[in-house]
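# Got a predicted model here, sequence first, then my questions.
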Protein chains: 2
Amino acid sequence: MTDDLMSVLHSPRRRELLRLCWDEPCAAGALHAAMPDVTFGAISQHLAALRAAGLVDVVAQGRNRLYQTRRAALGPFRRWLEQSWDDALYRLTLAAELEASRRGPRTTSRTRSRTRRRP
Amino acid sequence: MTDDLMSVLHSPRRRELLRLCWDEPCAAGALHAAMPDVTFGAISQHLAALRAAGLVDVVAQGRNRLYQTRRAALGPFRRWLEQSWDDALYRLTLAAELEASRRGPRTTSRTRSRTRRRP
DNA sequence: GGAATACTTTAGTTGCAACTAAAGCATGAC
DNA sequence: GTCATGCTTTAGTTGCAACTAAAGTATTCC
């Protein structure tokens, strides 16, 4: 699960695509226009990978296909990070930030076994 | 920065290595013993990559070299996730968890430009 | 119907990352 | 000193992921 997500998110190109359609649906052509150093085909293939991983939603609209990032799908990825993490300190700082945000706008802050040794 | 981290963390093998020396320093040989399906050389190469990315600390101890995960180094990675995230809902659930933990143990188209179309 | 647009899919290439095997380099024991 | 151990580095191979080019599909407009 996380492995799949990782291998998809590994590509800077795909992360960029996710970023581009993060806030609003975006046509494949528009996404391509934003990264003109590759062919349309390449973009379409990346979008297919994101689709397969469930990281984007697609809706057809006329001749266009509108892509949008499914933020919720990044949850397992985030959870992986958190599970393998010493959360104590982080949670405390986050709690502090939450406190602050209630008052005003934030300004963020063995053994041995050598294998495969054949003659 | 995040790109580098991503390309290092992309490998399940390296994530496993990080996990293995998460809580205590661990000799390279011991790490290899935990994943005997690859050669010692391969492990050493992965450890070199983790070292280069600053994700592990190493100390020599006699003939051994002890590796330990630098959890703090995963910070930027985590921050990337958070920055590109709709945090509102997440923060609310986290706040709820914090509340609960105070009471008892948790159970927790625009333009078009097809390029590279040569004759 | 046909032409144009918007996108996807397929086939083929290329570069890189993970690996093996083997040599190299320290350190400790003798 | 020599030998063994523990690890790293180098050289070479192999498989895969990102890409291009081109063909294919679907929709709209005339």
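That came in fine, so what should we check first?
# Please list all residues in contact with A:Ser44.
Contacts for A:Ser44 (Cβ atoms under 8 Å, 6 or more residues apart in numbering or on different chains) come out as A:Ala28. To be clear about C-beta, it is placed using only N, CA and C from the backbone, and glycine gets the same treatment.
# distance of it from DNA strand D?
Look at A:Ser44 and DNA strand D: by Cβ to the nearest atom of the strand, to the nearest Å, they are 8 Å apart.
# Next one, pLDDT for that residue please.
We have a pLDDT of 97 for A:Ser44.
# do A:Arg103 as well
At A:Arg103, the pLDDT recorded in the model is 44.
# Repeat that for A:His10.
83.
# That one is in contact with B:Ser7, isn't it?
Yes. Between A:His10 and B:Ser7 there is a contact under Cβ atoms under 8 Å: 6.5 Å.
# mind showing which ranges of chain A have poor pLDDT?
For chain A, applying pLDDT under 70 flags the ranges A:1-3, A:77-119.
# Now do the contacts for A:Leu50.
Taking Cβ under 8 Å, 6+ apart, one finds A:Val8, A:Arg14, A:Leu17, A:Leu18, A:Val56, A:Tyr67 in contact with A:Leu50.
# just A:Ala53 next, same as before
Counted by Cβ under 8 Å, 6+ apart, A:Ala53 has contacts A:Asp4, A:Leu5, A:Val8, A:Ala73.
# Could you pull up phi and psi at the second one?
Backbone torsions of A:Leu5, given as degrees, to the nearest 10, read phi -60, psi -50.
# That one against A:Pro76, yeah?
Yes. Counting by Cβ under 8 Å, A:Leu5 touches A:Pro76, with 6.3 Å between them.
# re earlier: counting neighbours, which of the contacts of A:Ala53 end up buried?
Buried subset of the contacts of A:Ala53 (neighbour count, 16 or more other Cβ atoms under 10 Å in any protein chain shown): A:Leu5, A:Val8, A:Ala73.
# can you put those residues in TSV and add distance to chain B?
Output for these, formatted as TSV (distance: Cβ to the nearest Cβ, whole Å):
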residue	distance to chain B
A:Leu5	11
A:Val8	10
A:Ala73	12
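# Count the residues that sit near A:His10.
17 (other Cβ atoms under 10 Å in any protein chain shown).
# Ignoring the adjacent residues along the chain, who's closest to it?
Nearest residue to A:His10, sequence neighbours excluded (Cβ to Cβ, 6 or more residues apart in numbering or on different chains): B:His10, at 4.0 Å.
# A:Asn64 now?
In space, A:Asn64 is closest to A:Ala27, 4.2 Å off (Cβ to Cβ, 6+ apart).
# Name whatever forms a beta bridge with the one you found.
A:Leu66 (DSSP bridges).
# What about it, how many residues nearby?
18.
# Hmm, A:Arg63 and it touching each other?
No. Applying Cβ under 8 Å as the test, A:Ala27 and A:Arg63 come out as separate, 9.1 Å apart.
# got the residue ranges for the strands in chain A?
With DSSP state E as the criterion, chain A has strands at A:26-27, A:56-61, A:64-69.
# Please convert the buried ones among the contacts of A:Ala53 to CSV, extending it with distance to DNA strand D.
Below are those laid out as CSV (distance: Cβ to the nearest atom of the strand, whole Å):
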residue, distance to DNA strand D
A:Leu5, 13
A:Val8, 8
A:Ala73, 18
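# Looking at the contacts of A:Leu50, which one is closest to DNA strand D?
A:Arg14 (6.9 Å; Cβ to the nearest atom of the strand).
# Name all residues that make contact with A:Glu16.
Taking Cβ under 8 Å, 6+ apart, one finds A:Ala34, A:Met35 in contact with A:Glu16.
# mind redoing it with 7 Å?
A:Met35 (Cβ atoms under 7 Å, 6 or more residues apart in numbering or on different chains).
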